[in-house]
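*Asks:* sequence? don't have it. structure:
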């Protein structure tokens, strides 16, 4: 699959024909070879093909889409009222993601469209991760855009990958690694956290806070222990039934078409244009670098809208009080689910 993508043998995709999928061809890859980061990504791919030609890997890679179903979706009240203890946490002042223990769950900041700009001129953490572990590139062929209630997890990769890239935004030094041929114990989680660099104050809005909390919980929760939050109630105290979350790709009607890649090298110009443009529209567009949801017309009623169908997920169980933000005792705020895994932050 990776070799076919390298030689661009797959049918071409555009944001108009496949709004939730990437174009898994190296059509635009080579126009960025004047960059050191792009050269290192190409060398890393060559090292990968050399390794599997010398000794074909054994075993299998497990790919799983993590989804919070309607019964598992957590509102702000669920988070505040939960009494589940935090899992053990170890913080380090130095180190790199590649230096973590083999059993550790590595979290990688990803894009809604898995892989981001790895096949163009991107040099983000996600792009480097996909370049040093080229088997991840196959995800671009069939993994559709992540929704606000989803994350993606991969296990069975070699921790050292095919190469090691240091200083990707500068000299971009690449060196091959040694592979034993068998599958490793590397577990990688891909979650698309929002970028609030252009609109810093938006990160404190309730719908954005809830979105990031649920996304982090979905990324780090033990897969064998799904969440079981209490039943939601409406303003009259009656229980509210579970909400059905739309399957990915159910509807493309809410996703506006976008122009094909114009060949611009840097995203800084895009951010400048967005900051000077009009307020963001109400659709979530996977190909944009800033996918912030728009402000709700009624600030007392917040929802998180899924891009595939326009379905709305509640932020609160009960509506906000007029002129206030509600009565929540944040001193008792704890995560909803007890976890036995350790999370290591590098």
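*Replies:* Structure received. Remember, predicted model here, so these are calculated numbers, not experimental data.
*Asks:* quick one: list the elements packing against the host helix or strand of residue 39.
*Replies:* Residue 39 belongs to helix 36-54 when assigned by DSSP states H and E. In terms of contacts (3 or more Cβ pairs under 8 Å, 6 or more residues apart in numbering; DSSP states H and E), helix 36-54 is packed against helix 2-6, helix 125-132, strand 163-166, strand 173-176. Where C-beta positions appear, they are placed from N, C-alpha and C, glycine not excepted.
*Asks:* give me the sheet partners of the helix or strand that that helix is followed by and which way each runs.
*Replies:* Downstream of helix 36-54, the first helix or strand assigned by DSSP H and E is strand 62-67. Here strand 62-67 is paired, per DSSP bridges, with strand 150-157 (antiparallel).
*Asks:* how much does the strand it pairs with deviate in direction from helix 125-132?
*Replies:* Orientation check (axes from the mean of the first three to the mean of the last three Cα atoms, to 10 degrees): strand 150-157 against helix 125-132 gives 30 degrees.
*Asks:* got the contact list for the helix holding residue 39?
*Replies:* Contact partners of helix 36-54, identified using Cβ atoms under 8 Å, 6 or more residues apart in numbering, comprise 2-3, 6, 29, 32-33, 118, 121, 123, 127-128, 131-132, 134-135, 161-163, 165, 168-174, 176-177, 179.
*Asks:* report the buried members of those residues.
*Replies:* The neighbour-count criterion (16 or more other Cβ atoms under 10 Å) marks 2, 6, 29, 32, 118, 121, 123, 127-128, 131-132, 134-135, 161-163, 165, 168, 172, 174, 176-177, 179 among the contacts of helix 36-54 as buried.
*Asks:* picking that back up, using a markdown table, lay out the helices and strands packed on helix 36-54 together with mean pLDDT and distance to residue 217.
*Replies:* Converted to a markdown table, these look like this (pLDDT from 0 to 100; distance: least, Cβ to Cβ, whole Å):
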| stretch | mean pLDDT | distance to residue 217 |
| --- | --- | --- |
| helix 2-6 | 95 | 32 |
| helix 125-132 | 94 | 20 |
| strand 163-166 | 92 | 30 |
| strand 173-176 | 92 | 35 |
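*Asks:* any chance of CSV for those, columns distance to residue 305?
*Replies:* Listed next are these as CSV, based on distance: least, Cβ to Cβ, whole Å:
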stretch, distance to residue 305
helix 2-6, 32
helix 125-132, 24
strand 163-166, 37
strand 173-176, 41
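*Asks:* nearest to residue 65, of those?
*Replies:* Nearest of the helices and strands packed on helix 36-54 to residue 65, taken as Cβ to Cβ: helix 125-132 at 16.8 Å.
*Asks:* follow-up on the earlier one: wait, which of the helices and strands packed on helix 36-54 is closest to residue 96?
*Replies:* When the helices and strands packed on helix 36-54 are compared by Cβ to Cβ, strand 163-166 sits nearest residue 96, at 8.5 Å.
*Asks:* so which elements touch that closest one?
*Replies:* Secondary-structure packing of strand 163-166 (3+ Cβ pairs under 8 Å, 6+ apart): helix 36-54, helix 125-132, strand 173-176.
*Asks:* deepest in the core, which of these is it.
*Replies:* helix 125-132 (a mean of 24; mean count of other Cβ atoms under 10 Å).
*Asks:* tell me the mean pLDDT for the following helix or strand past that helix?
*Replies:* Using DSSP H and E, the helix or strand that follows helix 125-132 towards the C-terminus is helix 139-142. For helix 139-142, mean pLDDT is 94.
*Asks:* and the contacts of helix 139-142?
*Replies:* Helix 139-142 has contacts (Cβ under 8 Å, 6+ apart) with 1, 5, 10, 21-22, 24, 63, 114-115, 118-119, 152, 154.
*Asks:* for this protein, what spans make up the strands?
*Replies:* For the chain, the strands defined by DSSP state E occupy 62-67, 89-91, 105-109, 150-157, 163-166, 173-176, 186-191, 303-305, 312-314, 343-345.
*Asks:* tell me who's in contact with residue 170.
*Replies:* Residues near residue 170 by Cβ under 8 Å, 6+ apart: residue 36.
*Asks:* the same query, at a cut-off of 10 Å, please.
*Replies:* By Cβ atoms under 10 Å, 6 or more residues apart in numbering, the residues touching residue 170 are 36, 37, 123.
*Asks:* ok, so of those residues, who is nearest residue 307?
*Replies:* Using Cβ to Cβ, residue 123 comes nearest to residue 307 of the contacts of residue 170, at 26.7 Å.
*Asks:* nearest residue to residue 175 in space, please, no chain neighbours.
*Replies:* Excluding its sequence neighbours, the residue lying closest to residue 175 (Cβ to Cβ, 6 or more residues apart in numbering) is residue 164, at 5.4 Å.
*Asks:* can I assume that neighbour is in contact with residue 174?
*Replies:* Yes. Counting by Cβ atoms under 10 Å, residue 174 is a contact partner of residue 164 at 7.1 Å.
*Asks:* quickly list what's touching both of the two.
*Replies:* With Cβ under 10 Å, 6+ apart as the test, residue 164 and residue 174 both reach 40, 44, 47, 128, 132.
*Asks:* can you pull the pLDDT of the third one?
*Replies:* Residue-level confidence at residue 47 comes out at 95, pLDDT.
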